[in-house]
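Novice: please find the sequence and the predicted model below.
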Amino acid sequence: MPEDIEKDLLEEQIRQLKLEKARLSREVRLTKSFLDKVTRTMESKEVLGAVLTASNAKQKAYTDMLLESCPNIILLLDDTGRLVLCTKMFLTLTGIPNIDYIRNKPYGEIFTPYLDGEVFPALGKAVDAVARSGETVSLNQWIDFAGKGEARYYSIELMGIGSAKGGDAGIRAGVLAVFIDFTDILREKQNAEAANRAKSDFLAVLSHEIRTPMHAILGLNELLRRGELNDLQRKYLDDIYKSAHSLLSIINDILDFSKIEAGKLEIINGDYSLRSLLDNIYTMFLVMFKKKNLALRFVIDDNLPQFIHGDENRLRQVLINLLSNAMKYTIEGSVEFRAWLENERLRFDVEDTGIGIRKEDALKLFRPFEQLDTRKNRNVVGTGLGLAICYRLCRLMDGELSVASDYGSGSTFSVSLPYTEAGEKTEHSGPAAPLEFSAPLAKVLVVDDIEINLNVTEAMLESFSIQSDLAQKGILAIELIQKNTYDLVFMDHMMPEMDGLEATRRIRELGGRYKKIPIIALTANVVDGAENMFLSNQFDDFLAKPIEFASLNRCLRKWLPPEKIIGAAENTA
């Protein structure tokens, strides 16, 4: 072969080898790059696996912590009613050492030892209903999980869970049962109710024990005032009357406040004359202010409505209390009462030139049993309940009571109340003045275990020329009522051996005319619900002790046979 040709072939082979080398180098680089990517991917997967493992471990740790520390019993049941999870509280109360002892067991098998014959069917029925519907069911049951004969009161919430919530755990559906122990709360509630009943019983006894002797004091006082008296004697009797009513106002404040605290004081709305109410209050205070040498001014806006719909007695109570306080705490100067309309609400202001109130004391003003500046006001009588009651009464009437004061120069108390004008124009506000009459042909039986109360009531009836028989025991009253014919019976409530309720029941059981004879309860028990109690026990009416002549007059006019009443107009309104 020619030398030139051989040389060209070698050069071509060399060139081909170089090209092959370049190609192989590229493939090596690509392979290396691919291998690097594969390596990095594997490393990433290893890191991700480690992260997921750590996350699952952390989640499991949190779940274990929750099950360990939760103070309530929580059970998770699968769609077949078998136990999946439970809190440690369930294991602790039941004495089960570990969840593995009960895992995957039916709830019926788990609960049977701890539920009595009535509770288990109710709980089982509720679990089945939730498992079918997926809805939430609530029930309350007494359960003795500890098995010590001391059942606890549980509020049980049964909630359905679906695949969206339980799918990741391999649960298609199931029931979450939460048992919350309300035993301590229930017992606290029962203790509070017992304490409230004890307070009510105490107040009833307190009212009875104060009002019973007060009946004798005020009754005898009234009888003496009707006789011939010199000025000094009349002054003494006036002082007795004021002191007795001061004591009654204290017990009434305590009773009112207890009713408000218990949520039992009702606002009783009706139509009445606002103008007449304010006139009556002005007349009542004018004499008292004159005796203290204080000026009393009433400023009544002409635009004030004449007749409104609301609770007349509670509004009277609030305004009288505010004016009484202004009079008590004002040594010299004046008190001005203003009434007008403001922003379509009734507005009443009582402004005095008294001692005023410190700013730091203003917040205490409407708290119960608070008396401000007691050293300076040691001669002022009261319980510290009046303003607290007024404040709460205003709130009950959807109104407000506020105060503005400069210490040393006086105070202004302001009442703001919503109102509705009365649909029908009512007559003069307040009770009508009693009309004197006599009933010499009427015969009344008075039953009371306290002799002085019998004597006082007898003397009061004699003022109406009414004949009366007296009985100190319920059993004696039953004997007398069968021997005599009475037009009316006044029956004391609280008597030994046989009380007024029992005596009245036995009289009614005699049948015939004894079912129709009017029996009026004489009671010192004026706590909430007393009137309904008497009426539901076959009494016709009741009179609260101490009995006033005006109340006795109205009662006699109402229940005595009209033909036996002499000297009074038919209409006492």
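Specialist: Here it is on my side, so go on. Numbers count the residues shown, from 1 in each chain.
Novice: what does stretch 469-488 rub up against?
Specialist: 442-449, 451, 454, 458, 489, 491, 495, 497-500, 502-503, 506-507, 510, 514, 517-518, 520, 556, 559-561, 564 (C-beta atoms under 8 Å, 6 or more residues apart in numbering). C-betas here are computed from N, CA, C, even on glycine.
Novice: strands - which of those land there?
Specialist: Within these, residues falling in strands by DSSP state E are 443-447, 489, 491, 520.
Novice: for those, which one is nearest Asp279?
Specialist: Ile520 (32.1 Å; C-beta to C-beta).
Novice: look up which residues are beta-bridged to that closest one.
Specialist: With DSSP bridges applied, Ile520 shows beta-bridge pairing to Phe490, Asp541.
Novice: quick check: Pro97 is in a helix.
Specialist: No: assigned with DSSP: H, G, I helix; E, B strand; the rest coil, Pro97 falls outside any helix and is coil.
Novice: what distance do you get for it to Asn104?
Specialist: Using C-beta to C-beta, to the nearest Å, Pro97 is found at 16 Å from Asn104.
Novice: for burial, what's the neighbour tally of Ser402?
Specialist: The local packing of Ser402 (other C-beta atoms under 10 Å) involves 14 other residues.
Novice: is it true that it lies in a strand?
Specialist: Yes: under three-state DSSP, Ser402 falls within a strand.
Novice: please name the nearest non-neighbouring residue to it.
Specialist: Ser414 (5.1 Å; C-beta to C-beta, 6 or more residues apart in numbering).
Novice: cool, and Asp128?
Specialist: Gly81 (7.8 Å).
Novice: might one say that that neighbour is in contact with Gly124?
Specialist: No: Gly81 is not in contact with Gly124 according to C-beta atoms under 8 Å; the separation is 9.0 Å.
Novice: what's the overlap in contacts for those two?
Specialist: Contacts common to Gly81 and Gly124, judged by C-beta under 8 Å, 6+ apart, are 107-108.
Novice: which residues touch Tyr241?
Specialist: Contacts of Tyr241 (C-beta under 8 Å, 6+ apart): 218, 221, 225.
Novice: next one: Ser402
Specialist: For Ser402, the contact set (C-beta under 8 Å, 6+ apart) comprises 413-414, 416.
Novice: try it again at 10 Å.
Specialist: By C-beta atoms under 10 Å, 6 or more residues apart in numbering, the contact set of Ser402 is 362, 365-366, 391, 394, 412-416.
Novice: farthest pair within the residues you listed?
Specialist: Spatial extent of the contacts of Ser402 (C-beta to C-beta) is set by the pair Ala362 and Ser416 at 17.5 Å.
Novice: give the buried residues for stretch 179-192.
Specialist: Across stretch 179-192, burial judged by 16 or more other C-beta atoms under 10 Å covers 179, 181.
Novice: list of residues touching that stretch?
Specialist: Taking C-beta under 10 Å, 6+ apart as the rule, stretch 179-192 contacts 71-75, 87, 89-90, 93, 140-143, 145, 150-158.
Novice: and with 6 Å instead?
Specialist: 72-73, 152-156 (C-beta atoms under 6 Å, 6 or more residues apart in numbering).
Novice: and which of those residues is nearest Arg347?
Specialist: The closest of the contacts of stretch 179-192, once distances to Arg347 are taken by C-beta to C-beta, is Ser155, at 48.1 Å.
Novice: show me what the helix or strand containing the closest one is packed against.
Specialist: Using DSSP states H and E, Ser155 sits within strand 152-161. Helices and strands touching strand 152-161, as assessed by 3 or more C-beta pairs under 6 Å, 6 or more residues apart in numbering; DSSP states H and E, comprise helix 119-133, strand 137-143, strand 174-181, helix 183-225.
Novice: how far off centre is the shortest one?
Specialist: Put plainly, it is strand 137-143. 26 Å (C-alpha atoms, centre = their mean, to the nearest Å).
Novice: partner strands of that strand, with direction?
Specialist: Short version: by DSSP bridges, strand 137-143 pairs with strand 152-161 (antiparallel).
Novice: and if you look at the third one?
Specialist: Strand 174-181 has the following strand partners under DSSP bridges: strand 73-78 (antiparallel), strand 152-161 (antiparallel).
Novice: do you know which of those strands lies nearest Ile240?
Specialist: From these, taking C-beta to C-beta, the stretch that ends up closest is strand 152-161, at 55.7 Å.
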